[in-house]
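Colleague: Predicted model follows, preceded by the sequence.
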Amino acid sequence: MPEPPFNTLYYACLRQTALAGIVVNDTWASLQPDGAGEPLRTAAIDKALRAIRQYNRAAGRSIGVRLRVWAGIDAPAWVKSIAGGPIVICDLNAVPATPSPQGAHPNGPPSPTPCPSVAQRTVGAFWSDRYEAAWRDVQRRLAQKYDGDPLVSEVTVSSCSSLTSEPFVQPEDGYSRKNLESGGYTDAKYQHCLAVAIAGDYARAWRRTPIAYSFNPFRLIQNEPPVTDLAFTESVIDSCRASIGARCILLNEALAKFTAPPSPLPSQTPSTAQSYYAMWKYMRRRGGEITFQSASPPNLLLAWGTNLAGWNAAVRLAHRFGASSIELFPPERFGPCTTPTRAWFSGYTCFPKKTLLRWKREIEGS
């Protein structure tokens, strides 16, 4: 999706006893639309924080905030023009699925060439020094205002991101790879960007607030076909812990997207599932605070057969891998739980409060 979720307290109010926090989203494009050095336009963040403070006072609650600023495809146009950009990439999630007579493709859907216009997105040269300097300035300005704010429980890392807010997620299709390489991309430059994100982009600015870094098994997309380099991901996990100690929150945003190896579903490859389970095990071994975001509800449904089974699996895995919290998907874009669309895409509010309280107890038992 080209824009992040809406900020809302509505669903938190409905499920208040089961929830400990809410994500406040904004985009770099809305914070700094006109150019480098421009004062940040934080009205959307400030409005959300005011609403949460008012809610906490009225309800006698202490809901905290995970602050997430989306870069990548949600960076402003002037940033995307840095170092020869913008670069067109393909969002395969926006490509309509077409059944194959051979069944599910063993390595996911085939890459569209060229990319359909509905799926085309643009990014800047996020691996370049100039792009990185502009992003560090944004973090410096945000930290000046929100670092140490008791309501902001944590800030998430979005350095080097492209298709989503997750730093380690990028397109792997041939169309995107060709365009990225033409723009100067290399796997080595991308790895450098990820390796310095904590110490260079966040720790210098955010000196008190815990920092959540979202990890995935690193993919070397210049290989044909792309291959996984889990050792690199583990090295960045270690670096995060070394740089800021207990303030480093280990995060992954694909929990329960895969059933356990060695028996994956037709839609996943054994190596993909194995790499994620291995990374989750490594995160637990490293200890400290660990958190997850569940995979999107459609992916939970595809992996586990029913919506409830998918959500139960996500909570069970969060407990297994030592999480202190799990971020759940609200359903604000998709209508009531009774509609056909909602029956397929059930967000957490489609389940009764007692189910959420059971999940909460499971997580707290970690």
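Modeller: All right, it came through fine.

Colleague: make it CA atoms for all contacts and neighbour counts henceforth
Modeller: Fine.

Colleague: residues near Ala58, how many?
Modeller: For Ala58, the count of nearby residues is 9 (other CA atoms under 10 Å).

Colleague: What of the one 5 residues further on?
Modeller: Using other CA under 10 Å, Ile63 has 19 other residues around it.

Colleague: Pretty sure it sits against Asn56.
Modeller: Yes. Using CA atoms under 8 Å, Ile63 is in contact with Asn56, at 6.6 Å.

Colleague: Look up how far Thr341 lies from the residue nearest the centre of the chain.
Modeller: Centroid check for the chain by CA atoms, centre = their mean gives Glu166 as the closest residue, at 3.9 Å. Distance, Glu166 to Thr341, using CA to CA, to the nearest Å: 26 Å.

Colleague: now stretch 342-350: how far from the chain's centre is it?
Modeller: In terms of CA atoms, centre = their mean, to the nearest Å, the centre of stretch 342-350 is found 20 Å from the chain centre.

Colleague: sorry, that was for stretch 236-245
Modeller: 19 Å.

Colleague: what residues does that stretch touch?
Modeller: Applying CA atoms under 8 Å, 6 or more residues apart in numbering, the set of residues contacting stretch 236-245 from outside is Leu194, Ala195, Ile198, Ala199, Ala203, Phe215, Arg247, Cys248, Leu250, Met283, Arg286.

Colleague: okay, it in PDB with CA atoms only?
Modeller: Presented in PDB, the C-alpha positions along stretch 236-245 are these (Å, rounded to 0.1, in the frame of the first residue of the first chain):
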ATOM      1  CA  VAL A 236      23.400  -6.400  12.600                       C
ATOM      2  CA  ILE A 237      21.400  -7.800  15.500                       C
ATOM      3  CA  ASP A 238      24.700  -8.100  17.400                       C
ATOM      4  CA  SER A 239      25.700  -4.600  16.400                       C
ATOM      5  CA  CYS A 240      22.400  -3.100  17.600                       C
ATOM      6  CA  ARG A 241      22.800  -4.700  21.000                       C
ATOM      7  CA  ALA A 242      26.500  -3.600  21.200                       C
ATOM      8  CA  SER A 243      25.700   0.000  20.200                       C
ATOM      9  CA  ILE A 244      22.800   0.800  22.600                       C
ATOM     10  CA  GLY A 245      22.500  -2.200  24.900                       C
END
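
Colleague: how about that stretch: buried residues?
Modeller: Buried residues in stretch 236-245, defined by neighbour count with 16 or more other CA atoms under 10 Å: Val236, Ile237, Ser239, Cys240, Arg241, Ile244.

Colleague: In what element of secondary structure is the third one found?
Modeller: Taking DSSP states H and E as the definition, Ser239 sits inside helix 230-244.

Colleague: I'd like the average pLDDT over that helix.
Modeller: Confidence over helix 230-244, taken as the mean pLDDT, stands at 97.

Colleague: what's the spacing between the helix or strand immediately after it in the chain and its chain's center?
Modeller: Downstream of helix 230-244, the next assigned helix or strand under DSSP H and E is strand 248-255. Averaging C-alpha positions (CA atoms, centre = their mean) puts strand 248-255 8 Å from its chain's average.
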